[in-house]
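Colleague: Build the 3D model from these lines:
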Amino acid sequence: MTVLMEPALLERELRESRARTVQLTADLVGERLLGPQLAIVNPPLWEIGHVAWFQEWWCLRDGASAAPADSMLSGADRLYDSARVAHDTRWTLPLPAIESTRAYGEEVLDRVMRRLQSTPDDAGLQYFVQLAVFHEDMHAEAFHYTRQTLGYPDPFPAPPGSSTSPRFVA
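Modeller: I've put the predicted structure just below:
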């Protein structure tokens, strides 16, 4: 028996994950969008695009099929498919500018929301939406350790007198 979730809950989770990604990367500009090439991190600009691509691949393009639909972003598969794009090459790819990358992510999110609203009982879609949420949350953790590794300030600093960072609030 398949248990469906409330589409509104999935939509909220998608929005919260994206808001967290945006908050974690909002101050990454200029050289910080790529950072130094290290084996333990990804360039943030690549990672922001990868998160959007993953969501599009599984939730809109039917990545599980033998012939998925084309991406809405020309060349996205050659840029963001982490199974095919070697880690060391991610710093030298012809990545879109941050504004275009964020716009792509927002368009993907908007289309996923519309698809959830138009097919609320699609168990397959719900599965892949949850996968995309978990994936984006995993990359939020990666953005934290990338920031720490590169010495960038914590976007969620601990309040004065506290030893822990505040919980993210969307």
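
Colleague: For the rest of this, base every contact and every neighbour count on C-alpha atoms.
Modeller: Fine.

Colleague: where exactly do the strands run in this protein?
Modeller: Assigned by DSSP state E, the chain shows no strands.

Colleague: Run a quick neighbour tally on residue 48.
Modeller: 26 (other CA atoms under 10 Å).

Colleague: Correction: the previous question concerned residue 42.
Modeller: Number of residues near residue 42 (other CA under 10 Å) recorded here: 21.

Colleague: Enumerate every residue touching it.
Modeller: Neighbour list for residue 42: 87, 90, 146 [criterion: CA atoms under 8 Å, 6 or more residues apart in numbering].

Colleague: Let me have those residues in CSV, adding neighbour count and pLDDT as columns.
Modeller: Below are the contacts of residue 42 laid out as CSV (neighbours: other CA atoms under 10 Å; pLDDT from 0 to 100):
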residue, neighbour count, pLDDT
87, 16, 98
90, 21, 98
146, 20, 97
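
Colleague: quick one: which of these sit in helices?
Modeller: Cross-referencing the contacts of residue 42 against helices under DSSP state H gives residue 146.

Colleague: Which single one of the contacts of residue 42 is nearest to residue 14?
Modeller: residue 146 (22.2 Å; CA to CA).

Colleague: Leaving out sequence neighbours, find the closest residue to the closest one.
Modeller: With CA to CA, 6 or more residues apart in numbering as the criterion, residue 146 has its nearest non-adjacent residue at 5.8 Å, and that residue is residue 41.

Colleague: Same question for residue 14.
Modeller: Residue 14 sits nearest to residue 133 (CA to CA, 6+ apart), 5.8 Å away.

Colleague: That neighbour and residue 11 touch, don't they?
Modeller: No: under the contact definition of CA atoms under 8 Å, residue 133 does not touch residue 11, with a separation of 9.8 Å.

Colleague: export the contacts of residue 42 to TSV and tack on distance to residue 18?
Modeller: Output for the contacts of residue 42, formatted as TSV (distance: CA to CA, whole Å):
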residue	distance to residue 18
87	23
90	22
146	18
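
Colleague: dump the residue contacts of residue 129.
Modeller: Contacts of residue 129 (CA under 8 Å, 6+ apart): 10, 14, 55, 58-59.

Colleague: Most neighbours among those residues, which one?
Modeller: Neighbour counts for the contacts of residue 129, by other CA under 10 Å, peak at residue 59, which reaches 27 neighbours.

Colleague: Distance-wise, check that one relative to residue 49.
Modeller: Here residue 59 is placed at a distance of 15 Å from residue 49 (CA to CA, to the nearest Å).

Colleague: Check residue 144 too.
Modeller: Taking CA to CA as the measure, residue 144 falls 17 Å from residue 49.
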